[in-house]
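Trainee: quick one, fold the following:
(one chain, ligands or ions: 3)
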Amino acid sequence: MPRSSSDNPTARFSPELEDAILTVNAVAATSATGPLVRTTVERRDLGPRDILIEIRYAGICHSDIHTVRGEWGDVAYPLTVGHEIVGLVAEVGPEVSRHAVGDRVGVGCMVNSCRECANCRAGQEQYCENGNTGTYGSIDRDGTVTQGGYSTHIVVDEDFVLRVPESIPYEAAAPLLCAGITTYSPLAHWKAGPGRKVAVVGLGGLGHLAVKIAVAMGAEVTVLSQTLGKKDDGLAFGAQSYHATGDTATFEALRNSFDLIVNTVSAPIDIAAYLRLLRLDGTLVSVGAPPEPLPVPVFALFGNRRSFAGSSIGGIAETQEMLDFCAERGIAPEVEVIGADEVDEAYERVLRSDVRYRFVIDIDTLR
Ligand code: NAP
Ligand code: ZN
Ligand code: ZN
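Mentor: Ligands and ions are numbered 1, 2, ... in the order given. Okay, here's the model as predicted:
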């Protein structure tokens, strides 16, 4: 492993990193049903364009739970998940030019892509025609399965490492790397802004950021949550109105109301009922990813020429744009910081919709 970069005189040696392959502490799932366990994972030797990141905080995304429980398909256990990663650059390969030792950086849901297909060339690496390399559970270019951020260090190609502005507190920055970009991207694409009425379905990790970001973009925002239990929070995040989807009157009262609905719900919902809340040329975009299909009756699309769409995270350039936007606008997720031994309990709370609004693991508890 290169210990320093000729381009980067501040690169430092670290005594714990003597071996060519780095073995680092981590938390991993060993089955779909068992608790997570403390273990170690191996990180590859630094390539010329690689960065070794000392991880400080890792957010808990509902996708981590879908994945480790096998809801999205087979898993190669043991697997360390986590794709909301912030930390410090600890070492850089000799050709690294974008980041230097000591920089505050982040890594989101992908760590590589082909870089050659039309989508990669357009800066939409998340839609790489050859498949992007996920931060965990993907086959890496060395043939190993990628391991995510519930660990003390990670090695990532510099092109997939983001700059985290100083003004965003470290622990609050972590959820932006997935929840932030996953909501920013469709809000930007479907032009949330002044004069546009946006509804956010589900006030969890993604949903609460969708509200804050859509409000900052200038849209008029409504929260659609199962109950009114989080109404004060939703209004404090800047939403103009808040309705319970457990009350059928909501669906009558809000018929033909919205230009854009962002569905962040992790479970199946009645898509047709929500489509009817769209006004002319409105779009319902699902970012929530339940494993079950969501049936769509076409007649719910005919009225008002409605669209039903999906959206996956965002590209690297757009992720940087989102981080800079959040820094400028003072947007930060609401987080509850936990230790590495509290992840199972946090998962149970997320599954009960008892999260306010993102759990973030203090990775110092793994050292
Ligand atoms: P989360 O924090 O658990 O939030 C999901 C919210 O959905 C809950 O807080 C709850 O909000 C609502 N909800 C949960 N179960 C429900 C049910 N049975 N019926 C109605 N509403 C329900 O999860 P998250 O981390 O934000 O992730 C949300 C989803 O997005 C997950 O499926 C995740 O895998 C997916 N995701 C997709 C992408 C992408 O690129 N498309 C990226 C990241 C995550 P209320 O309590 O307010 O009702
Ligand atoms: Zn995620
Ligand atoms: Zn590609």
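Trainee: got the buried residues for stretch 90-109?
Mentor: 90-94, 96, 99-101, 103-109 (16 or more other Cβ atoms under 10 Å). Just so you know, the C-beta spots here come from the backbone N, C-alpha and C atoms, and that holds for glycine as well.
Trainee: for that stretch, measure first residue to last.
Mentor: Looking at stretch 90-109, the gap from its leading to its trailing residue is 21 Å under the measure Cα to Cα, to the nearest Å.
Trainee: also stretch 260-268?
Mentor: Length of stretch 260-268, first residue to last, Cα to Cα: 19 Å.
Trainee: average pLDDT across that stretch?
Mentor: The average pLDDT within stretch 260-268 is 98.
Trainee: and residue 118, what are its phi and psi?
Mentor: Here the main-chain torsion angles of residue 118 (degrees, to the nearest 10) amount to phi -60, psi -40.
Trainee: touching, it and residue 127? I think so.
Mentor: No - counting by Cβ atoms under 8 Å, residue 118 stays clear of residue 127, with 9.4 Å between them.
Trainee: give me the more crowded residue out of those two.
Mentor: When residue 118 is set against residue 127 and neighbours are counted by other Cβ atoms under 10 Å, the residue ahead is residue 127, at 17 against 10.
Trainee: list the contacts of that one.
Mentor: In this structure, residue 127 makes contact with 119, 312, judged by Cβ atoms under 8 Å, 6 or more residues apart in numbering.
Trainee: and the two most separated of the buried residues of stretch 90-109?
Mentor: Distances among these were taken as Cβ to Cβ; the most separated pair is 94 and 109, at 27.4 Å.
Trainee: any low-confidence regions in the chain?
Mentor: The chain contains residues with pLDDT under 70 at 1-20.
Trainee: okay, now the domains of it?
Mentor: 15-178+314-366, 179-310 (automatic domain parsing).
Trainee: ends of the shortest one, how far apart?
Mentor: Distances were taken as Cα to Cα; on that basis the terminal residues of domain 179-310 are 15 Å apart.
Trainee: and it, anywhere near ligand 2?
Mentor: No - judged by Cβ under 5 Å from the ion, domain 179-310 stays clear of ligand 2, getting no closer than 6.5 Å.
Trainee: now swap in the longest one and tell me
Mentor: Yes - using Cβ under 5 Å from the ion as the criterion, contacts between domain 15-178+314-366 and ligand 2 involve 61, 63, 178.
Trainee: any quick PyMOL command for the buried ones out of the residues you listed?
Mentor: Only the buried members of these end up in this PyMOL selection, burial being decided by 16+ other Cβ under 10 Å:
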select buried, resi 61+63+178
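Trainee: output the set of residues of the stretch 201-350 of the chain in proximity to ligand 1.
Mentor: 202-207, 225-226, 230, 264-267, 269, 287-290, 311-313, 350 (Cβ under 6 Å from any ligand atom).
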